[in-house]
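>>> Give me a 3D structure for the following:
(chains A and B)
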Amino acid sequence: DTGVSQDPRHKITKRGQNVTFRCDPISEHNRLYWYRQTLGQGPEFLTYFQNEAQLEKSRLLSDRFSAERPKGSFSTLEIQRTEQGDSAMYLCASSLIAGVTDTQYFGPGTRLTVL
Amino acid sequence: EDQVTQSPEALRLQEGESSSLNCSYTVSGLRGLFWYRQDPGKGPEFLFTLYSAGEEKEKERLKATLTKKESFLHITAPKPEDSATYLCAVQGTGNTGKLIFGQGTTLQVKP
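Residues are numbered from 1 along each chain as shown, chains lettered A, B, ... in the order given. All right, here's what the predicted structure looks like:
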């Protein structure tokens, strides 16, 4: 078990460009979550999947953000037409939902800087 | 609306000086309360899950407790390697899996 992995670890882009991040969850975990964290704040929920299905999206998630989990394994998060306010750490987490237990394990994050 | 508030925002301790971190929460129905540790530039590392009032869990120098309104993370005889940001989060009942996080408590332990 290698844990949750994310790629890239760092991304610097210019305003208006599109970026895509990848997350590989712990194998056999059926839930995958995306969060965003800015300096000095706790992570903020963006969206999550159970297997291939996207079950919930935050009201704060603008139309420029889209996420996929095509085969119920890895997931991608795309941000179109990036803005400076998108600069943050993007965190992925996975869990194995089993009864009441839904402990989420986080990856190392992707640090996005929009110039 | 579900909400989590952590206090203090920052805490400085001398090595060996025990203390507690507070997490106050408001949630319509609690499925679980989670504690994570986060080092600078890294993702949160899972510590504990608490499910019901009165529950306690321990790991090395850390002990987490839960009431109906708050949770405490007690740190006994801390060491410099315990320095990190400690995050509290709640997961509500209902058809949702999202965690609602507090802003964290940044702990610095001086030798």
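>>> Can you give me the neighbour number for residue 75?
No chain was given, so I picked chain A. Residues lying near A:Ser75 (other Cβ atoms under 10 Å in any protein chain shown) number 26. C-beta: built from backbone N, CA, C; applies to glycine.
>>> Wait, chain B was what I had in mind.
By other Cβ under 10 Å, 21 other residues sit near B:Ile75.
>>> how about the residues of chain A near chain B?
A:4, A:31, A:33, A:35, A:40-45, A:48, A:50, A:55-56, A:58, A:91, A:93, A:95, A:97, A:100-109, A:111 (Cβ under 8 Å from any Cβ of the partner chain).
>>> gap between the lowest-mean-pLDDT helix or strand in chain A and the chain center?
In chain A, the helix or strand scored least confidently by mean pLDDT, DSSP states H and E is strand A:53-57, which has a mean of 93. How far strand A:53-57 lies from its chain's middle: 12 Å, per Cα atoms, centre = their mean, to the nearest Å.
>>> Okay, now the sheet partners of that strand, with direction.
Here strand A:53-57 is paired, per DSSP bridges, with strand A:44-50 (antiparallel).
>>> Which residues does the partner strand contact?
Applying Cβ atoms under 8 Å, 6 or more residues apart in numbering or on different chains, the external contacts of strand A:44-50 come out as A:30-38, A:54-58, A:60-61, A:65, A:67, A:69, A:72, A:75, A:77, A:97, B:97-101.
>>> CA atoms of that strand as CSV?
The C-alpha coordinates for strand A:44-50 follow below in CSV (Å, rounded to 0.1, in the frame of the first residue of the first chain):
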residue,chain,number,x,y,z
GLU,A,44,-12.3,23.1,1.9
PHE,A,45,-14.4,20.4,0.2
LEU,A,46,-14.7,20.6,-3.6
THR,A,47,-16.2,17.3,-4.8
TYR,A,48,-16.2,13.6,-4.3
PHE,A,49,-16.8,10.3,-6.2
GLN,A,50,-18.0,6.9,-5.1
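>>> Return the set of buried residues in that strand.
A:Glu44, A:Phe45, A:Leu46, A:Thr47, A:Tyr48, A:Phe49, A:Gln50 (16 or more other Cβ atoms under 10 Å in any protein chain shown).
>>> Of all residues in chain B, which one is closest to chain A?
B:Phe101 (3.1 Å; Cβ to the nearest Cβ).
>>> list the contacts for that residue?
Per Cβ under 8 Å, 6+ apart, neighbours of B:Phe101: A:Gly42, A:Pro43, A:Glu44, B:Val4, B:Leu87, B:Cys88, B:Ala89.
>>> Identify each buried residue in the least confident helix or strand of chain A, please.
For strand A:53-57, burial by neighbour count (16+ other Cβ under 10 Å) applies to A:Glu56.
>>> likewise stretch B:92-111?
For stretch B:92-111, burial by neighbour count (16+ other Cβ under 10 Å) applies to B:92, B:96-107, B:109.
>>> Near B:Phe48, how many other residues are there?
Neighbourhood size, B:Phe48 [other Cβ under 10 Å]: 23.
>>> Can you tell me what sits against the helix or strand hosting it?
Assigned by DSSP states H and E, B:Phe48 belongs to strand B:45-50. Residues outside strand B:45-50 that contact it (Cβ under 8 Å, 6+ apart) are A:101, A:103-106, B:32-39, B:56-57, B:59, B:62, B:64-66, B:71, B:86.
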